[in-house]
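**Student:** output the structure for:
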Amino acid sequence: QVQLEESGGRRVQAGGSLRLSCAASGGPFSNYAMGWFRQAPGKEREFVAAITRSGGRTSYAESMKGRITFSRDNVKNIVLLEMNRLKPEDTAVYYCAAALSLPQVLFLNAADYTIWGQGTQVTVSS
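**Tutor:** Presented below is the predicted three-dimensional model:
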């Protein structure tokens, strides 16, 4: 199965932009639907975005819709989360996740994902 490693998290000013990356290794990446989740201190892990195996369909959390773009490159075995107009409430550890899936399937629940990265910290200062 694949292993995941996130990168790109850092401190940024409110209104700024970040691009998070998640690199996959060790498995057939194109067989996996992918997702991003985040967890702020003292809060539950919450859904951010999901993408199908091919990258043809995506789904975004309402709180971030219009500010983020989720994409994947099945040749480079990587997914990218572009985040714009960041807000202090976007501060969290962001996790990349993978789930074996049929084509065109999106998973919005953390429980559907079996493989997780270690997370990358995003801090948005006001």
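**Student:** the helices in the protein, which residues?
**Tutor:** Along the chain, no stretch is classed among the helices by DSSP state H.
**Student:** so which residue is smack in the middle of the protein?
**Tutor:** If you average the C-alpha coordinates of the chain and look for the closest C-alpha using CA atoms, centre = their mean, you land on Trp36, 2.4 Å from that point.
**Student:** can you tell me, leaving aside adjacent residues, what's nearest to that residue?
**Tutor:** Of all residues not flanking Trp36 in the chain, Val48 sits nearest, at 4.1 Å (CB to CB, 6 or more residues apart in numbering). All C-beta spots, glycine's among them, are computed from the backbone N, C-alpha and C.
**Student:** surely the one you found meets Ala40?
**Tutor:** No. Taking contacts as CB atoms under 8 Å, Val48 lies outside contact range of Ala40: 11.7 Å.
**Student:** more neighbours: the two, which one.
**Tutor:** The residue with more neighbours, out of Val48 and Ala40, is Val48; 24 against 14, by other CB atoms under 10 Å.
**Student:** that older thread, need the contact list for the residue nearest to Trp36.
**Tutor:** Residues in contact with Val48 (CB atoms under 8 Å, 6 or more residues apart in numbering) are Gly35, Trp36, Phe37, Arg38, Tyr60, Ala61, Met64, Ile68, Leu81, Tyr94.
**Student:** closest to Trp116 among the residues you listed?
**Tutor:** Taking CB to CB as the measure, Trp116 lies nearest Phe37 of the contacts of Val48, at 8.5 Å.
**Student:** the closest one: neighbour count?
**Tutor:** When neighbours are defined as other CB under 10 Å, Phe37 has 24 of them.
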